[in-house]
Each structure stands twice: as structure tokens, then as C-alpha cells.
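A.B. asks: my questions are about this predicted structure, shown below with the sequence.
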Amino acid sequence: MFNLEGKVILVTGGSRGIGAATVRAVGEAGADVIVHYNRHREGAERVAAEVGSERCHLIQANFESDDEILKLWRKAIAWKGGIDVLVNNAGVMEWAGIEEDFTTWNDVLRKTLQVNVASSAHLCYMAVPHFRERGGGIIITMSSHVAHQGARAPETMAYAASKAAIRAMTQTVARCYSIENILAYAIAPGIVETDIAIDFIERFSSLDDVLAGLTMHEMVQPEDIAAVVAYLATGKSRHATGTTVDMTGATYIR
């Protein structure tokens, strides 16, 4: 078990999937957790109850709005007076390929870049000076294996682009601010067993076909990813800053 007692951690998209597993993992390690959610308040309340409601603070924000992203940060700071770790996990996967009309394509592209990229960028914009004042901090960003190799489904071009963008942003934070003890890591999962992945599989493929194409014949579990997040949140691997941790069950190896 990693010891995160005394740390305040903001997890975006914390109501389900990887985010909920991360809230549980860092909470079990002793952290106080700010659980961001958008529409899934019941999920946020459920995971907070599992960790302990007194150690979780729920904040709603729609990441399609820049103002709400910035308000989230201010509300998160106000809870305990500071944040030690930012976990940029919130994201959407919506589908539009070149066969769609331009309006549909453009709407999906804009929403994907806003929610997946701008939200993380704005939070980093707020976090870096905050961490600088506190003598350091940690940013952990959820990218994807498609950031390295692209996606096989053309309908997910926007999603792949967004995951590459936030990986590069996180690497830039690491390169520019590690001298100030501001550490930044990206995690690039393969196909994770979440609602988003299941929706995608049901739309474009079949579960049997997908599993057959995975080296371990199973999807990545959110808890596996959460365990890595919890470890990185300890700050015990300072010289790993800038690293992208691939978690694909050996389906993709660089």
C-alpha cells in the first residue's frame, strides 16, 4: 500500500471507470480526494462513500465550459487550501468519420478537443503556478495507446488526436518545470474495461473479436491503472518525470 496521507488529490472524471478506481486507490492510501464529475453525481457519491465522505469533496463541472473548468480549480483549492496532485482523467470519446457531414464532424472534433485537451491544459495552467508557490506538485495525465500509433477506427480520429495532444502537453510540463519540483507523468492505457470502451466495441466491433486481438485476451482493468496513479502520486520516482507509462497488457510495446 502506498502512503498518501496528508496529500490532497484532484481527480477529474472521478465518478466512474478509471477515475472512480483512482479515487478508491488514492483514498485507500490515505489521501484527501476532490472528486470531479459532470453528469454522474450518483457515481461520485457512491465512490466517495466507499472511501469515506469526510475525506472526499465532490465538485460538479461541465468541461465544455472554460469558466466551469476554472471555477472547479478555485473550488478545489478552497476545500483544503491547496492541491498536491492533479489527475487529468476526464474525457469523452465521440464518433465522427469522414463519411459524416461536416457539421457533425466539426461538432465532434470541437467537443473532443475542448473536453479532452482544453480542460487538462487549463488545469495545468492553474496548477503549475500553484505548485510553484508550494515548492512542487504532481500532474498525472491519462493519455492512450492511440497517441502513439493512431486508432484503427477512422471514426475516432478526433479522440486519437486529443490523446496525443495531452501527452505532449504533459511532457512539456515535465521538461520545463521539473527544475522546480513540478513532476508530470502520462499514462497510456490500451483498451480498458469501462463504459466508454464497451459502447465503442458494441458500435464498431464485437467483444470476442476485440479480445482475440489483445495479447492477454482481456481488457485492462481500471484498478491496474489506478494503482500506478497512486504510486506516481507519492512522488517517489522524481526522475521518471516526463515518462509515459504504457499499460496495454503487451498488446502494444514501444
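C.D. replies: Sure, I can see it.
A.B. asks: so for the nearest residue to I77 once chain neighbours are set aside, what's the pLDDT?
C.D. replies: Setting aside the residues directly before and after it, I77 is nearest to I83 in space (C-beta to C-beta, 6 or more residues apart in numbering), at 6.2 Å. Where C-beta positions appear, they are placed from N, C-alpha and C, glycine not excepted. At I83, the pLDDT value in this model is 98.
A.B. asks: in the stretch 101-250 of the chain, which spans are helices?
C.D. replies: 102-112, 119-134, 146-149, 157-177, 195-204, 207-212, 222-233 (DSSP state H, counting those that start in this stretch).
A.B. asks: for E64, which non-adjacent residue is spatially closest?
C.D. replies: What sits nearest to E64 in space, not counting adjacent residues and going by C-beta to C-beta, 6+ apart, is Q114, at 5.7 Å.
A.B. asks: neighbours of A153, how many?
C.D. replies: Residues lying near A153 (other C-beta atoms under 10 Å) number 16.
A.B. asks: look at it and report its pLDDT.
C.D. replies: 88.
A.B. asks: let's verify Y252: helix, strand, or coil?
C.D. replies: coil (DSSP: H, G, I helix; E, B strand; the rest coil).
A.B. asks: that one touches H145, doesn't it?
C.D. replies: Yes: with contact defined as C-beta atoms under 8 Å, Y252 counts as touching H145 (4.9 Å).
A.B. asks: before we move on, back to that, out of the helices of the stretch 101-250 of the chain, nearest to R39?
C.D. replies: R39 sits nearest to helix 195-204 of all these, at 12.1 Å, using C-beta to C-beta.
A.B. asks: with only the CA atoms kept, save that closest one in CSV.
C.D. replies: Extracted as CSV, the C-alpha positions of helix 195-204 are listed here (Å, rounded to 0.1, in the frame of the first residue of the first chain):
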residue,chain,number,x,y,z
ASP,A,195,-18.5,2.0,-20.2
ILE,A,196,-16.8,4.1,-22.9
ALA,A,197,-14.9,1.1,-24.2
ILE,A,198,-17.9,-1.2,-24.1
ASP,A,199,-20.0,1.4,-26.0
PHE,A,200,-17.3,1.6,-28.7
ILE,A,201,-17.0,-2.1,-29.0
GLU,A,202,-20.7,-2.6,-29.4
ARG,A,203,-20.9,0.1,-32.1
PHE,A,204,-17.9,-0.9,-34.2
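A.B. asks: buried residues in that helix?
C.D. replies: I196, A197, F200, I201 (16 or more other C-beta atoms under 10 Å).
A.B. asks: hmm, who's touching that helix?
C.D. replies: Applying C-beta atoms under 8 Å, 6 or more residues apart in numbering, the contact partners of helix 195-204 are R16, G17, V92, M93, W95, A153, E155, T156, I191, L207, V210, M219.
A.B. asks: check the gap between the second one and G30 for me.
C.D. replies: Distance from G17 to G30, counting by C-beta to C-beta, to the nearest Å: 23 Å.
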